[in-house]
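A.B. asks: Sequence first, then the predicted structure, then my questions.
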Amino acid sequence: MVICSRIEEYKETIFFDAVIARAFSNIVTIVKLCRKFIRTGGRIYAMKSSYKTEIKNLNKQGFSYDVCQIRVPFSENFLRHLITIKC
C-alpha cells in the first residue's frame, strides 16, 4: 500500500515496512514522527543533502543506519544522501 500524505496529518493505525521522507525535517524529528507507523524490523528512508551533524543524534539514540550517496536527475550540482534507518 502506498500512502501519499504529510506524516503530521496521517491518523491511521496501519503499520508499514517502510516510510520515505524527502525534504521534511531533521533526522531526529523524522524518526520521532515516523517510527510509530513502522513494523518491527522496518525502515525509514530519508533523503538529505547534508547529514553528518544530524547523524550524531541517531548514534546517541542507538539507531543503526546506512548512508548511500545518490545523484538526483536534473540536480547535477547537488549531492544527496539516502539514509536508511533501521527500526
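C.D. replies: Nice, thanks for sending it over.
A.B. asks: C-alpha from now on. contacts and neighbour counts both.
C.D. replies: Noted.
A.B. asks: how much space is there between Tyr51 and Ile83?
C.D. replies: Computed as CA to CA, to the nearest Å, the Tyr51 to Ile83 distance reads 9 Å.
A.B. asks: between these two, who's got more neighbours?
C.D. replies: Here Tyr51 and Ile83 are compared on neighbour count by other CA atoms under 10 Å; more neighbours surround Ile83, at 22 against 16.
A.B. asks: so where does Tyr65 fall, helix or strand?
C.D. replies: strand 64-71 (DSSP states H and E).
A.B. asks: ignore the last one, Glu54
C.D. replies: helix 52-61.
A.B. asks: ok, now which ones touch Ala23?
C.D. replies: Applying CA atoms under 8 Å, 6 or more residues apart in numbering, we find Ala23 in contact with 47-48.
A.B. asks: All the strands of this structure, in order from the start?
C.D. replies: 16-22, 38-48, 64-71, 79-86 (DSSP state E).
A.B. asks: Figure out which of those strands is closest to Glu9.
C.D. replies: strand 16-22 (14.1 Å; CA to CA).
A.B. asks: Mind picking out the helix or strand in the chain with the poorest mean pLDDT?
C.D. replies: helix 52-61 (a mean of 83; mean pLDDT, DSSP states H and E).
A.B. asks: Near Ser75, how many other residues are there?
C.D. replies: Neighbours of Ser75 (other CA under 10 Å): 9.
A.B. asks: Could you do Val19 as well?
C.D. replies: Val19 has 22 nearby residues by other CA under 10 Å.
A.B. asks: contacting residues around the closest residue in space to it that isn't next to it in sequence?
C.D. replies: Nearest residue to Val19, sequence neighbours excluded (CA to CA, 6 or more residues apart in numbering): Ile44, at 4.9 Å. For Ile44, the contacting residues are 18-21, 31, 34-35, 38, 83-87, by CA under 8 Å, 6+ apart.
A.B. asks: Good, we can wrap up now.
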